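Engineer: One predicted model, sequence on top.
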Amino acid sequence: MYVCGRLAICPFYHGSYHTLPDLFFQIHLYKRIFYLTFLPMRKSLRIAGFTLVLFLSYESVKAQVKIGGDPATVNANAILELESNRKGLLLPRLDAAGFTILKNRNATPGMVVYLKSGADPRGEGFYVKTAVGTTDANWTKMAGDAGGNGPWKINGNDGLAATDWFGTIGNVPLSLRANSNPVMQFSATNGNITIPYANVPVAAVGVNDVVMIGADGLIQKKNLSLTSVTALNNLKGDVTLTVTPDNTALVASLVAPPTAPAGTLDVKLPVMTGAVGQQYGFMTIADWNKLQTITSATGITIGDVVTGAVGGAKGAYIERLTGADEGKLVLHLVEASETHGGIVTIGNQTFKGNKTFADNLNVTGDAAITGNTTVTGNTTVNGTSTLKGNTTLEAALTFANPVAYSTAAPATYHLAVLNPDNNYNLETLELPAHGLKGIGGIALPGVPTPVTAETTTGNVTFATGKTGDGFSIVSSPNTVTFNVPDASATAGGIITTLPQTINGTKTIDDTLNIGGSAVSTSKLNLNGSMSVPFKVAPIGTYTLDANDYMVIVKCATSGDGSAPDPITEIFLPAASTVKNRIYHIRRVERVAGEFAIIAIKATGGGTISGRAAVEIGEPNSTVTVISDGTEWHAVARSIM
């Protein structure tokens, strides 16, 4: 939105109301001085004064501010944005007297000013306050662009004098970096050069000078003929290399044996022994032979099935052969029994423990089971089966050739049923023969006499209706009627596609989509316009309630411009009673040019963003508040 055609205020802010109390007091005081000084010209200067108040007042603006350009777009990372393609930002220009006053006030670090010539010994330019204090040393001059006072440029500087230099001031070394890595450093005490790491090319033939880098990074120049570089310095002419295994070494090494002929170097290679810390080593011929044996085609074989306790409870064991078959392995499987786990063979076996067959179980001979049986798949038994324990069938039970009932119909039938109250066990139920002929009657709640079927057809009719103020079941001869009325303000019932008015609190746990079939992206999706409660509150003190949402308020009285301004109080309900409720409170003028304040407070002494009150010092300002169930929070302030 525009204010006076130039100032744009973003209506939302993300900040605390507990910042800049001194600034608030000063700006509030400046505002009073402005009105008292220019009160006779108040009407002619009203627009300019109002613009100044909007831009500076802590009461009125705590948001993102944009001046110039398109007010609808504000940089998300800027609290103040200036936009223009032909104008710039002009900072305060202080002379010596003004700068002295500012220094003595101990301004907050971060302040930027432009000092005129003579205001500071360091010369004219931009200065920033970098430390707490009241001296010139607490202000840092921003580097210029000319001569020795300018920054060091990548492509070089011009206007330099012979006395200009590049480096550091004080006991601080000069450090050069590449890709953030230190590559060279000059000592501040003696000028020594240190290279933390260097990529040095190979020297040409005949060059004996080398650069030596110490452990501390210090660089020194030495001649190879004057340097002791282990035993290699004594080697002249051809060199003889020998290789010796060493079962005591952890790593390979290169040595000059003292008893060997001159020009001999011995490469000692470790033998893998598995010693602590050993990472590599050679293999002995004995270990190699073992590896060859076990990796051959007959290195690992499966032996005969073993009965008895040889394999123990594990069900299998591995036999290591000796003699000519040294190193070979034989896997023996143990036959399962009552005392040992193992494999199932083609011989007679007795198992112990519960066994579950997830798929079909086919028994071609007689089956005798004395323990509990659980079958989850289909079961087919072709022979005689005797089940003496509890039997659980979790799949279909099929009788392939049931025998027809061979006697006269009895007066009582014994039915096999699954009892859900007894682990679905198969039990018998006595049922009188007449009970199989049909339903004798239907008992309804609240109806003493069951509804009976029609005598000729045996039918009972179920009907629907909408009688009553809620769901009900009524009966008549041979008929049961279920009444479900349409929901209304006085009746509970079903929601129809027609206009309805319903009563009572309703909670929707999932998404509510209103108006059309747009994609639901939020808990509440409104695909169209919306009407909200809007009210112009009575002039004076007012307390908001459940029927308020957007409220226009006016001050009851106006002052004459001298402090303090009269205050009109607007009260919010206690935050604990209206969790998540939102109010938009907008102040408008009651009389033109009024001097007054609207103070928004919480009922019962509660706080708003930690403050006892939130004030609206200027007309045409809106404050948005929300309750978290404990405290009210001011979440937006806008000016228009």
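Structural biologist: Sure, I can see it. Numbers count the residues shown, from 1 in each chain.

Engineer: Now T603: phi and psi?
Structural biologist: Backbone dihedrals for T603, given as degrees, to the nearest 10, come out at phi -60, psi 140.

Engineer: And it, how close does it get to A556?
Structural biologist: Counting by CB to CB, to the nearest Å, the separation of T603 from A556 is 19 Å. For every residue, glycine as well, the C-beta is placed using N, CA and C.

Engineer: so how far is stretch 444-455 off the chain centroid?
Structural biologist: 61 Å (CA atoms, centre = their mean, to the nearest Å).

Engineer: Name the surrounding residues that touch that stretch.
Structural biologist: 438-443, 459-460, 473-475, 477-480 (CB atoms under 8 Å, 6 or more residues apart in numbering).

Engineer: Going by neighbour count, list what's buried in that stretch.
Structural biologist: By 16 or more other CB atoms under 10 Å, the buried positions in stretch 444-455 come out as V451, A453.

Engineer: Keeping just the C-alphas, turn that stretch into CSV.
Structural biologist: Extracted as CSV, the C-alpha positions of stretch 444-455 are listed here (Å, rounded to 0.1, in the frame of the first residue of the first chain):
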residue,chain,number,x,y,z
LEU,A,444,-37.0,-53.8,19.1
PRO,A,445,-35.6,-51.6,21.8
GLY,A,446,-38.4,-49.9,23.8
VAL,A,447,-41.1,-52.1,22.1
PRO,A,448,-42.5,-54.7,24.5
THR,A,449,-44.0,-56.9,21.7
PRO,A,450,-41.7,-58.4,19.0
VAL,A,451,-42.6,-57.7,15.4
THR,A,452,-43.8,-60.9,13.8
ALA,A,453,-43.6,-62.0,10.2
GLU,A,454,-46.6,-62.1,7.9
THR,A,455,-48.3,-65.5,8.3
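
Engineer: Compute the mean per-residue pLDDT across it, please.
Structural biologist: What stretch 444-455 shows for mean pLDDT is 77.

Engineer: Then stretch 265-283?
Structural biologist: This predicted structure assigns stretch 265-283 an average pLDDT of 82.

Engineer: in that stretch, what counts as buried?
Structural biologist: Buried, per 16+ other CB under 10 Å, within stretch 265-283: L265, D266, K268, P270, V271, G281.

Engineer: which helices and strands sit right next to the helix or strand containing the second one?
Structural biologist: Using DSSP states H and E, D266 sits in strand 264-270. On a contact count with 3 or more CB pairs under 8 Å, 6 or more residues apart in numbering; DSSP states H and E, strand 264-270 meets strand 240-246, strand 253-255.

Engineer: among these, where is the model least confident on average?
Structural biologist: strand 253-255 - the lowest mean pLDDT of the helices and strands packed on strand 264-270, at a mean of 77.

Engineer: which residues sit against that strand?
Structural biologist: Contacts of strand 253-255 (CB under 8 Å, 6+ apart): A231, L265, D266, V267, K268.

Engineer: Make CSV out of those and add distance to E335.
Structural biologist: Shown next, in CSV, are these (distance: CB to CB, whole Å):
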residue, distance to E335
A231, 69
L265, 64
D266, 60
V267, 57
K268, 55
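
Engineer: Please parse this protein into its domains.
Structural biologist: 354-401+410-433, 438-495, 533-640 (automatic domain parsing).

Engineer: burial measure for L115, as a count.
Structural biologist: Residues lying near L115 (other CB atoms under 10 Å) number 23.

Engineer: So between T603 and A556, which is more surrounded?
Structural biologist: A556 (17 against 14).

Engineer: what residues are up against K314?
Structural biologist: Applying CB under 8 Å, 6+ apart, the residues near K314 are V334, G341.

Engineer: any idea how far it is from V306?
Structural biologist: K314 sits 12 Å away from V306, going by CB to CB.

Engineer: same deal with T273?
Structural biologist: On the measure of CB to CB, T273 and V306 end up 37 Å apart.

Engineer: Kindly report the same for N190.
Structural biologist: Distance of N190 to V306, given as CB to CB: 84 Å.

Engineer: element containing the closest residue to E326 other than its chain neighbours, please.
Structural biologist: Closest residue to E326 apart from its sequence neighbours, by CB to CB, 6 or more residues apart in numbering: T293 at 6.9 Å. Here T293 is covered by helix 285-294, with elements defined by DSSP H and E.
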